[in-house]
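**Student:** Provided below for reference: sequence and predicted model.
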Amino acid sequence: MALALALMAGCAPAAVSPETVEGFPEIVGAATVRIGVETIRLHGIATAPLGSPVEIEARGWLHRRIAARRVYCHFDPTAEKQENARPGVCEIEGLDVSALLVEAGMAIDCPARSKGRYQVQQQRAEAAGFKMAERVPVPASCGSVPKKATKKG
């Protein structure tokens, strides 16, 4: 009886949020995956143009890294669709897939969307010898993170 009352009081296990999908992804593009019927654009990064050598390399890297593993993608309900896909932060084994792509030299941080979230990974890619400005052109939509005001003394 006590168990039944506890369950009715809301102590039952929580359901997965409708703003999260999980499953084994199909790789659609260098920064786009499909899980079930949901197409997800990896949030906060930019990749090379579709069909370019770097984009093909990035798609292959993404396929090798995540295609056979369970991925969890979390959506921002306020974000608008991009390229017929919902933007989402996807994770594999607790690691941010966008961060992995940037650090591997396959994508760049898109500050207007990520607010600089992947700058450290981009710096690591450049330190590893990737010439990111040549590999992935910065789209105008990425803009830049506003610089913090400094006090002049």
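**Tutor:** Thanks, I have it. Note that the structure is predicted; figures quoted are calculated from it, not measured.
**Student:** For H74, list the residues it contacts.
**Tutor:** Taking Cβ atoms under 8 Å, 6 or more residues apart in numbering, we find H74 in contact with S17, E19, T20, G88, V89, C90, E91. Just so you know, the C-beta spots here come from the backbone N, C-alpha and C atoms, and that holds for glycine as well.
**Student:** bridging residues for V33?
**Tutor:** Beta-bridge partners for V33, by DSSP bridges, are I27, I40.
**Student:** So R41 is in contact with V89, correct?
**Tutor:** No - applying Cβ atoms under 8 Å as the test, R41 and V89 come out as separate, 10.7 Å apart.
**Student:** hang on, the earlier thing: among the contacts of H74, which are located in helices?
**Tutor:** Counting by DSSP state H, the contacts of H74 place none of their members in helices.
**Student:** So if I had to pick from R41 and V89, which one is more boxed in?
**Tutor:** A direct count of neighbours by other Cβ atoms under 10 Å for R41 and V89 places R41 higher, at 23 against 20.
**Student:** Buried ones among the contacts of H74?
**Tutor:** Listed as buried from the contacts of H74 are G88, V89, C90, E91; burial here means 16 or more other Cβ atoms under 10 Å.
**Student:** Return the closest of those residues with respect to I56.
**Tutor:** Minimum distance to I56 across these is 20.3 Å, recorded for C90 (Cβ to Cβ).
**Student:** Do I have it right that the closest one meets C73?
**Tutor:** Yes - using Cβ under 8 Å, C90 is in contact with C73, at 4.2 Å.
**Student:** got any residues that touch both of these two?
**Tutor:** Residues touching both C90 and C73 (Cβ under 8 Å, 6+ apart) are V33, I40.
**Student:** From R64, how far off is the spatially most central residue of the chain?
**Tutor:** Nearest to the geometric centre of the chain sits L42, at 3.3 Å (Cα atoms, centre = their mean). Taking Cβ to Cβ, to the nearest Å as the criterion, L42 is separated from R64 by 16 Å.
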